[in-house]
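Enquirer: what follows is a protein structure lacking sequence information:
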């Protein structure tokens, strides 16, 4: 392999790696955080460690600690989604709490 092809291959590997990282952190990483957190919240409610009516408060308390982090940003909803959030969904109520300002 010539030096030019080797350098070109290295550049494309770096570009592909950066693009993959950006796509993962914007989509897959966000949904992995949400899925894991919602699973934990549902298990906590099912095992009566957290009352259903406290899930939104837990979101508000968590938001203060996760402000300006990737995990905190994953849970931010706009006002339209906050209004449409299901009151019977623990995950939705946690996300509403996380989106409170």
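Expert: That came through, no problem. The structure displayed is predicted, hence computed values, not measured ones. Numbering: from 1, shown residues only.
Enquirer: what stretches of this protein score poorly on pLDDT?
Expert: Applying pLDDT under 70 to the chain picks out residues 1, 101.
Enquirer: cutoff 80 now
Expert: Applying pLDDT under 80 to the chain flags residues 1, 25-26, 29, 70-71, 100-101.
Enquirer: show me what contacts the residue nearest the centre of the chain?
Expert: Nearest to the geometric centre of the chain sits residue 74, at 3.0 Å (CA atoms, centre = their mean). For residue 74, the contact set (CB atoms under 8 Å, 6 or more residues apart in numbering) comprises 29, 30, 31, 33, 34. All C-beta atoms are positioned from the backbone trio N, CA, C, and that covers glycine.
Enquirer: run the chain-centre distance for stretch 21-36.
Expert: 6 Å (CA atoms, centre = their mean, to the nearest Å).
Enquirer: distance between the ends of that stretch?
Expert: Counting by CA to CA, to the nearest Å, you get 20 Å between the two ends of stretch 21-36.
Enquirer: now residue 73: closest residue in space, sequence neighbours ignored.
Expert: Distances taken as CB to CB, 6 or more residues apart in numbering place residue 30 nearest to residue 73, at 7.8 Å, with adjacent residues excluded.
Enquirer: gap between the one you found and residue 22?
Expert: From residue 30 across to residue 22, the span is 12 Å (CB to CB, to the nearest Å).
Enquirer: more crowded one of those two?
Expert: Shown here are residue 30 and residue 22; by other CB atoms under 10 Å, residue 30 has more neighbours (16 against 10).
Enquirer: assign that one to helix, strand or coil.
Expert: helix (DSSP: H, G, I helix; E, B strand; the rest coil).
Enquirer: what of residue 49?
Expert: The local conformation at residue 49, judged by three-state DSSP, is coil.
Enquirer: residues in contact with the closest residue to residue 57 other than its chain neighbours?
Expert: Excluding the flanking residues, the one nearest residue 57 by CB to CB, 6+ apart is residue 97, at 6.4 Å. Contacts for residue 97 (CB under 8 Å, 6+ apart) come out as 55, 56, 57, 58, 59, 60, 61, 62, 63.
Enquirer: of those, select the buried ones using a ChimeraX command.
Expert: A single ChimeraX command suffices to select whichever of those are buried according to 16 or more other CB atoms under 10 Å:
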select :55,56,58,59,62,63
